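Colleague: mind looking at a prediction? Sequence and model below.
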Amino acid sequence: MASSTRQTTKRKLSPDHNGLRQFHRTYNCMKRSCKWKLDSGRNVEDALYKYGLKLKEDDPVFSFILDTADPNIKQLFTDEEWKEINDTKRKDDIDNDNSAIDRIMVDLCKKTTSGLRDALSKWSDWRFEDYTKKDDYIIDKMCYAMESWLNLFEKQEQPLTRPQSEEWYSYTIWGPFIENILDFIDNIEYKRSIEYGRSEMLVSSNILFPYNLDYAIRRSVGFYEDFRAQVNNSDITIHLLGRMRTMLYRLCNKLAWSSKTADVEVIGFATSGLLITYLAMDHPKGYICRVTRFASCRIPTCISHLSQAVGALNMSIKMKHRIERSIEAVLEQDRVSTESKGRRAAKPCRVPTILEPFYYD
């Protein structure tokens, strides 16, 4: 796996930096009664603000984004406070309702190409014996992703072991392993773009026409040898989290800041060549956007590590379930709003507590 000669690091801040000025304005606009008050009596926003005043480089904390994987943020709180921050309105994974998904994941973890072909052939026969879209469509998608990988692996020029453009990785690798899996969600559409050499894809739902809400984003973050360390500190990741915050704000706004805002989250896919990190951002309390980082996976370049590709498929399916849960929360709120038409509208459960997002320049 080749690494880029240009590695992105955080930028130094000047006293008049736009992000820093916005950081002060955002904090000064907060209502004390709306902040996230922990059982210990401390406000999370106050702790992040004091920490942010000491920083000399760009950081997601300037948007009051709390990254639960950041050890520096964890050190700001006691063990009891940190547990409360992580557990408050936590969204657990949704179990697969199709037992065949777990079985195929075990079957696909082969050590030889012939073994993988046999497994794919077996599941092909199984699918067509008694095919139903509800139960077997996702199996089709999983087999397609693994067949795509196998075709690349067996090519004479060995494209998996050579550096490629980010567009190539976007379509050839992450198309089968992400978009292909998310296709199973009804009324989903993709908006792709290339910005400053970075590929980006938004996952949107148009089921509430004319509203088109974004629920997930995949963004390339460059090539790095130590992906997980670099992606946590890169300029690009700060931008990705800012984009996720904007998307979450719009979802909460569509929900009229009702109690349903606790049920939605935005999913992020940070890709770097053959590597991917899965993220989720939600709004548990106060003015805080909480980021949870899940497993980092690598699409393998050799058959002996095929279980890593299966792991990436498993994570993409989990993210699909999370996106569906958020869409359902928005639809449920829309049904409640429709039924209440003609009656006095209920007041929102709380005032908007994610202040209008901004981007780093």
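Modeller: Cool, the structure landed.
Colleague: which strand in this protein runs the most residues?
Modeller: The residue-count maximum for a strand in the chain (DSSP state E) belongs to strand 289-298.
Colleague: what pairs with that one, parallel or antiparallel?
Modeller: Partners of strand 289-298 in the sheet, by DSSP bridges, are strand 65-67 (parallel), strand 275-282 (antiparallel).
Colleague: the ones you listed: which one's closest to residue 334?
Modeller: With Cβ to Cβ as the measure, strand 275-282 is the member of the strands paired with strand 289-298 nearest residue 334 (19.5 Å). C-betas here are computed from N, CA, C, even on glycine.
Colleague: show me where the stretch 1-150 of the chain has helices.
Modeller: Applying DSSP state H, counting those that start in this stretch to the stretch 1-150 of the chain gives helices spanning 18-29, 44-52, 71-74, 79-87, 99-107, 113-129, 133-154.
Colleague: tell me the most buried of those helices?
Modeller: For the helices of the stretch 1-150 of the chain, the largest average neighbour count (mean count of other Cβ atoms under 10 Å) is found in helix 44-52, namely a mean of 19.
Colleague: so that helix versus helix 79-87, what angle?
Modeller: 110 degrees (axes from the mean of the first three to the mean of the last three Cα atoms, to 10 degrees).
Colleague: state the mean pLDDT of helix 44-52.
Modeller: Helix 44-52 shows an average pLDDT of 96 in the prediction.
Colleague: mind giving me the packing neighbours of that helix?
Modeller: Packing partners of helix 44-52 (3 or more Cβ pairs under 8 Å, 6 or more residues apart in numbering; DSSP states H and E): helix 18-29, helix 71-74.
Colleague: make CSV from the ones you listed and add mean pLDDT and distance to residue 324 to it.
Modeller: Shown next, in CSV, are the helices and strands packed on helix 44-52 (pLDDT from 0 to 100; distance: least, Cβ to Cβ, whole Å):
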stretch, mean pLDDT, distance to residue 324
helix 18-29, 85, 32
helix 71-74, 95, 30
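Colleague: for residue 156, which of those is the nearest?
Modeller: Comparing the helices and strands packed on helix 44-52 under Cβ to Cβ, the one sitting nearest is helix 71-74, at 45.0 Å.
Colleague: quick one: closest of the helices of the stretch 1-150 of the chain to residue 162.
Modeller: helix 133-154 (10.8 Å).
Colleague: may I have that closest one as PDB, with CA atoms only?
Modeller: Coordinates of each C-alpha in helix 133-154 appear next as PDB, following Å, rounded to 0.1, in the frame of the first residue of the first chain:
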ATOM      1  CA  LYS A 133     -36.100 -10.000  -2.200                       C
ATOM      2  CA  LYS A 134     -36.800  -9.300   1.500                       C
ATOM      3  CA  ASP A 135     -34.500 -12.100   2.800                       C
ATOM      4  CA  ASP A 136     -32.000 -12.700   0.000                       C
ATOM      5  CA  TYR A 137     -31.400  -9.400  -1.700                       C
ATOM      6  CA  ILE A 138     -28.700  -8.500   0.900                       C
ATOM      7  CA  ILE A 139     -27.100 -11.900   0.300                       C
ATOM      8  CA  ASP A 140     -26.800 -11.000  -3.400                       C
ATOM      9  CA  LYS A 141     -25.100  -7.700  -2.500                       C
ATOM     10  CA  MET A 142     -22.600  -9.500  -0.200                       C
ATOM     11  CA  CYS A 143     -21.800 -12.000  -2.900                       C
ATOM     12  CA  TYR A 144     -21.400  -9.300  -5.500                       C
ATOM     13  CA  ALA A 145     -18.900  -7.400  -3.300                       C
ATOM     14  CA  MET A 146     -16.800 -10.600  -2.700                       C
ATOM     15  CA  GLU A 147     -16.900 -11.500  -6.400                       C
ATOM     16  CA  SER A 148     -15.700  -8.000  -7.300                       C
ATOM     17  CA  TRP A 149     -12.800  -8.400  -4.900                       C
ATOM     18  CA  LEU A 150     -11.900 -11.800  -6.300                       C
ATOM     19  CA  ASN A 151     -11.900 -10.500  -9.800                       C
ATOM     20  CA  LEU A 152      -9.400  -7.700  -8.800                       C
ATOM     21  CA  PHE A 153      -7.300 -10.200  -6.900                       C
ATOM     22  CA  GLU A 154      -7.000 -12.500  -9.900                       C
END
